[in-house]
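J.: Generate a structure from the sequence data that follows.
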Amino acid sequence: MKKESATLAIFLLFSFLTIFSGSAPADQKPEAVLSEKVFNFESAWEGDMVTHDFILKNKGSAPLEILKIDTD
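T.: Down below sits the predicted model:
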């Protein structure tokens, strides 16, 4: 009996998450727009900290998730 109730509870949990998840409808998509894609730093001394802010906007109608960023 415990196993059946546990299985039922897991099924109900997955059903709830599937129905009420925050997924966007198929016609809504995120659209990442960068003001500039490349920035070249001037010469700097070793050990100096140099920074630059890239402005990223989501022009789409669904939430934008940034999962990974790579640098050169």
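J.: Give me the contacts around stretch 64-72.
T.: With CB atoms under 8 Å, 6 or more residues apart in numbering as the test, stretch 64-72 has contacts from P30, E31, A32, L56, N58. Every residue, glycine included, has its C-beta placed from N, CA and C.
J.: try 10 Å this time
T.: Residues outside stretch 64-72 that contact it (CB atoms under 10 Å, 6 or more residues apart in numbering): K29, P30, E31, A32, V33, V38, F54, L56, K57, N58.
J.: Show me the beta-bridge partners of the last one.
T.: Think N58. As for beta bridges, N58 partners with A32 under DSSP bridges.
J.: Would you mind confirming that it makes contact with L34?
T.: No: under the criterion of CB atoms under 10 Å, N58 makes no contact with L34, lying 11.2 Å away.
J.: of these two, who's got more company?
T.: N58 (14 against 10; other CB atoms under 10 Å).
J.: All the helices of the chain, in order from the start?
T.: 2-19 (DSSP state H).
J.: Can you pull the poorly scored residue ranges out of it?
T.: The model of the chain has pLDDT under 70 over residues 1-26, 72.
J.: May I have stretch 57-64 exported as PDB, CA atoms only?
T.: This file holds the C-alpha atoms of stretch 57-64, laid out as PDB (Å, rounded to 0.1, in the frame of the first residue of the first chain):
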ATOM      1  CA  LYS A  57      18.500  42.900 -23.900                       C
ATOM      2  CA  ASN A  58      15.700  40.300 -24.400                       C
ATOM      3  CA  LYS A  59      13.600  41.600 -27.200                       C
ATOM      4  CA  GLY A  60      11.500  38.300 -27.300                       C
ATOM      5  CA  SER A  61       8.300  37.500 -25.500                       C
ATOM      6  CA  ALA A  62       9.600  34.600 -23.400                       C
ATOM      7  CA  PRO A  63      12.200  34.600 -20.600                       C
ATOM      8  CA  LEU A  64      15.800  34.500 -21.700                       C
END
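J.: Flag every buried residue along that stretch.
T.: A62 (16 or more other CB atoms under 10 Å).
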